[in-house]
Structure formats: structure tokens, C-alpha cells
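Trainee: A predicted structure for the sequence below; I have some questions about it.
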Amino acid sequence: MEEKQIKKAHCLQLTDRQKGCIQGVRDVNSFDEKEISLVTEAGTLSIKGEGLHVTRLDLERQEVDIEGKVDSLIYSQGITKAKGGEGMLKRLFQ
């Protein structure tokens, strides 16, 4: 039986370029202190800045909280995956 994902609304809330809450996150491609790459309901979202940290991750509820200085938010068309065709978290927990 194929598992069907329910599409949720995508929402991004950023306060003072320091704290953010993103909803509608399907997966995390990669993250480090300079860039966070997320697969969202609206496509791939690249968050660039300094001192970036994922402070909360709940893929069941499709939510991610971040902290750090955000310099840019860039959406790309469609949904792309990290190398290997799988999300980073899926590869970590295999």
C-alpha cells in the first residue's frame, strides 16, 4: 500500500530576521551555520545567513523552527532532493 502525504499549507514567519517558524516542510535537504535547505509544499527553500540553527524539527507536523541572522530566503521551482535522491534525515536514520 502506497503511503499518501496530505498536502498542508506552507507558511513562513520570520521575526526580526533572527527567529523563524516554517510550516509545510516535507524534508530537510541540508543545513549548516550558513545555509538551510528545506523541501516545502511550495518548492525548495534555501535560507542563507550567519549562525543558522534548526532549533525544532517536527516532520510529522511538517514544522521547522530556526534561529540565526537570516540574509536571504530563496524558493526554487519544484522540489529537489540532496545528492542521492533522498533527504538528509532519511539518510542519517537508515
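Mentor: Arrived safely.

Trainee: mind checking the SS state of Arg17?
Mentor: Here Arg17 is coil, with the state taken from DSSP: H, G, I helix; E, B strand; the rest coil.

Trainee: Is the residue nearest in space to the middle of the chain bridged to anything, and to what?
Mentor: Of all residues in the chain, the one closest to the mean position by Cα atoms, centre = their mean is Leu38, 2.6 Å from it. Beta bridges link Leu38 to Val28, Leu45 when assigned by DSSP bridges.

Trainee: For it, which residues are in contact?
Mentor: Ile22, Val25, Asp27, Val28, Asn29, Thr44, Leu45, Ile47, Val64 (Cβ atoms under 8 Å, 6 or more residues apart in numbering). C-betas here are computed from N, CA, C, even on glycine.

Trainee: my guess is the last one meets Leu52, correct?
Mentor: No - counting by Cβ atoms under 8 Å, Val64 sits too far from Leu52 to count as a contact (11.4 Å).

Trainee: more crowded one of those two?
Mentor: Neighbours were counted for Val64 and for Leu52 using other Cβ atoms under 10 Å; Val64 has more, 25 against 20.

Trainee: Check which helix or strand that one maps to.
Mentor: strand 63-76 (DSSP states H and E).

Trainee: how far out from the middle of the chain is that strand?
Mentor: 8 Å (Cα atoms, centre = their mean, to the nearest Å).

Trainee: Equivalent analysis for stretch 52-69, please.
Mentor: That offset, for stretch 52-69, works out to 7 Å (Cα atoms, centre = their mean).

Trainee: Would you mark the buried spots in it?
Mentor: Within stretch 52-69, the residues scored as buried using 16 or more other Cβ atoms under 10 Å are Leu52, Val54, Gln62, Glu63, Val64, Ile66, Gly68.

Trainee: so where's this structure shaky on pLDDT?
Mentor: 1-7, 78-94 (pLDDT under 70).

Trainee: try 90 this time
Mentor: 1-9, 77-94 (pLDDT under 90).
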